[in-house]
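# Show me the folded form of this:
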Amino acid sequence: MARDVVTIEEDFSVKYGARMMSLYKISSLVVLSGDKVVGILTERDITSRVVAKGLDPEKVLVRDAMSCPVLVVNPTTPLEEAVKMMFQKKIKKLPVMNDKEKASELLGILSITDVARIQPKMFESLREIVQLEIMTTEIESNYYVR
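Numbers count the residues shown, from 1 in each chain. Below you'll find the predicted structure:
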């Protein structure tokens, strides 16, 4: 996990959040209300909830575009469980908190890129999970995906 987490308060504009992401070369910000984690703002949130709808990013607040509730893990969560959660929920980042309760401390953020970088053995597990997800999608939707 990355220990240095860039955060933003929920009452800032989406434009300010996008500028922070650009400045720090990151794709998401953990959203705070005071010292409490309340959501996560991602590039996807900005494109789908603001830009695609033709809204003004200067006027839209982070609280209105962020994903919430935010899913979190704690430092003792097995890596495989965290990765499985990411794939099941189709998310790329998980804040790491010392406890899953709302008043807990933000310790870092785990990204799927971090996992790929430090766990080469995870690639095979990820491939299996993706294959299972593809097979499930094919069964549920009655079409074949290559």
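
# hmm, which helix or strand of the protein has the shakiest average pLDDT?
Least confident helix or strand of the chain, by mean pLDDT, DSSP states H and E, is helix 122-141 with a mean of 67.

# And the residue nearest to the spatial centre of the chain, its phi and psi?
By CA atoms, centre = their mean, the chain has its centre lying nearest to Lys93, at 3.3 Å. Note on Lys93: backbone dihedrals following degrees, to the nearest 10 are phi -140, psi 140.

# is it true that it touches Ile109?
Yes - here Lys93 reaches Ile109: they are 5.6 Å apart, a contact under CB atoms under 8 Å. Using the backbone N, CA and C atoms, a C-beta is placed for each residue, glycine as well.

# okay, and the common contacts of these two?
Ser28 (CB atoms under 8 Å, 6 or more residues apart in numbering).

# how about the helices in the chain?
Under the criterion DSSP state H, helices of the chain are mapped to 14-24, 43-46, 62-65, 79-89, 112-118, 122-141.

# Can I get those in JSON lines including mean neighbour count?
Shown next, in JSON lines, are the helices of the chain (neighbours: other CB atoms under 10 Å):
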{"stretch": "helix 14-24", "mean neighbour count": "17"}
{"stretch": "helix 43-46", "mean neighbour count": "19"}
{"stretch": "helix 62-65", "mean neighbour count": "20"}
{"stretch": "helix 79-89", "mean neighbour count": "15"}
{"stretch": "helix 112-118", "mean neighbour count": "14"}
{"stretch": "helix 122-141", "mean neighbour count": "12"}
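
# Figure out which of these is closest to Val72.
Val72 lies closest to helix 79-89 among the helices of the chain, at 9.8 Å (CB to CB).

# starting at the chain centroid, how far to the closest one?
12 Å (CA atoms, centre = their mean, to the nearest Å).

# just stretch 52-65 next, same as before
19 Å.

# What are the buried residues along it?
Residues of stretch 52-65 classed as buried: 57, 60, 62-63, 65 (neighbour count, 16 or more other CB atoms under 10 Å).

# got any ranges where the protein has weak pLDDT?
Along the chain, segments meeting pLDDT under 70 span 100-103, 119-123, 134-146.
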